[in-house]
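>>> Fold the following and give me the result.
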Amino acid sequence: MPKLSKSTAGSHMAIPGYVDTYSQDLGDWNVSIETMLTDLDEAPFFKGAPDDLCQGHHVGYVLKGKFGIRKADGSEEIFEAGEAFVIEPGHTPLSFEGGEYVAFTPTEEARAQMAVIMPNILKYAKEQGIELPAELMAQMGPSATP
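Next up is the predicted model:
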């Protein structure tokens, strides 16, 4: 039976001061364990997606702190430690320092989401003067330029 932990994850994406994410595809699901290191409205990372919003379905559980979303209509929903969540397409994430959660996203939706997010992370890092770790740059492939 497939499983995931921080020590066995196939992918580790760390952006110092921002996020620490462990993830792996388990069958038809991408499972991620995410720790947020700062408060951050993640809307800029979804520029270029339909309506500039995340189009993924997510099911998850907040382990520590809180995590939220902003919906297309501008309303926000906040999930706190001990709460499970189901999120429909048409949102952007809101991260809060100290928040940690586990999320399950259909694999194909997660891949489509990452194709939008990664170039936006590069742009954001450059604008903010954030030096991305070499291993993250390697994951982004040859089109990634610091």
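>>> Where in this protein is the helix or strand with the lowest mean pLDDT?
In the chain, the helix or strand scored least confidently by mean pLDDT, DSSP states H and E is helix 134-140, which has a mean of 66.
>>> thinking residue 32 is in contact with residue 23, fair?
Yes - using CB atoms under 8 Å, residue 32 is in contact with residue 23, at 3.9 Å. Just so you know, the C-beta spots here come from the backbone N, C-alpha and C atoms, and that holds for glycine as well.
>>> what residues are up against residue 24?
Each residue near residue 24 by CB atoms under 8 Å, 6 or more residues apart in numbering is listed here: 4, 8, 9, 10, 11, 30, 31.
>>> who's in contact with the longest helix seen in the chain?
As assigned by DSSP state H, the longest helix anywhere in the chain is helix 107-128. Applying CB under 8 Å, 6+ apart, the external contacts of helix 107-128 come out as 15, 23, 25, 27-30, 44-49, 54-57, 105, 130-132, 140, 143-146.
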